[in-house]
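A.B. asks: Structure here, sequence nowhere to be found:
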């Protein structure tokens, strides 16, 4: 019998969600740098923040619904 499912605490789940949200950060930073060609670094920072926020929101909705 396996008890792996009962070993995850809230902190473990938060770390897993942050790791799962990293593609949103990377894609958002890439998109932000492409959209703001004159100021790439601020564009990448804002895009990364937006991408991370959207994926965290999506994970929050997903975990709430299940």
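C.D. replies: Okay, I see it. Given the structure is predicted, the values throughout are model-derived calculations rather than measurements.
A.B. asks: where along the chain do the helices fall?
C.D. replies: 10-35, 40-65 (DSSP state H).
A.B. asks: Enumerate the positions of the last one that are buried.
C.D. replies: Neighbour-count burial for helix 40-65, counted by 16 or more other CB atoms under 10 Å, picks out 43-48, 50-52, 55-56, 59. Any C-beta I mention is one placed from the backbone N, CA and C, and that applies to glycine too.
A.B. asks: on that earlier part again, need the helices of the chain in JSON lines (columns: mean pLDDT).
C.D. replies: Below are the helices of the chain laid out as JSON lines (pLDDT from 0 to 100):
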{"stretch": "helix 10-35", "mean pLDDT": "90"}
{"stretch": "helix 40-65", "mean pLDDT": "91"}
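A.B. asks: just to revisit the earlier point, pick the one among the buried residues of helix 40-65 closest to residue 16.
C.D. replies: Nearest to residue 16 among the buried residues of helix 40-65 is residue 59, at 9.2 Å by CB to CB.
A.B. asks: contacting residues for that closest one?
C.D. replies: 17, 20-21 (CB atoms under 8 Å, 6 or more residues apart in numbering).
A.B. asks: Could you turn the buried ones of these into a ChimeraX selection?
C.D. replies: Buried subset of the contacts of residue 59, written as a ChimeraX selection, criterion 16+ other CB under 10 Å:
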select :17,21
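A.B. asks: Return the member of the buried residues of helix 40-65 nearest to residue 9.
C.D. replies: Nearest to residue 9 out of the buried residues of helix 40-65 is residue 59 (CB to CB; 16.9 Å).
A.B. asks: how close does the closest one sit to residue 34?
C.D. replies: Relative to residue 34, residue 59 is positioned 25 Å away (CB to CB, to the nearest Å).
A.B. asks: Could you tell me how far the residue most central in space within the chain is located from residue 53?
C.D. replies: The centre of the chain sits closest to residue 21, judged by CA atoms, centre = their mean, with a distance of 2.3 Å. Distance from residue 21 to residue 53, counting by CB to CB: 9 Å.
A.B. asks: cool, residue 42 as well?
C.D. replies: Distance, residue 42 to residue 53, by CB to CB: 16 Å.
A.B. asks: again, but for residue 34
C.D. replies: Distance, residue 34 to residue 53, using CB to CB: 19 Å.
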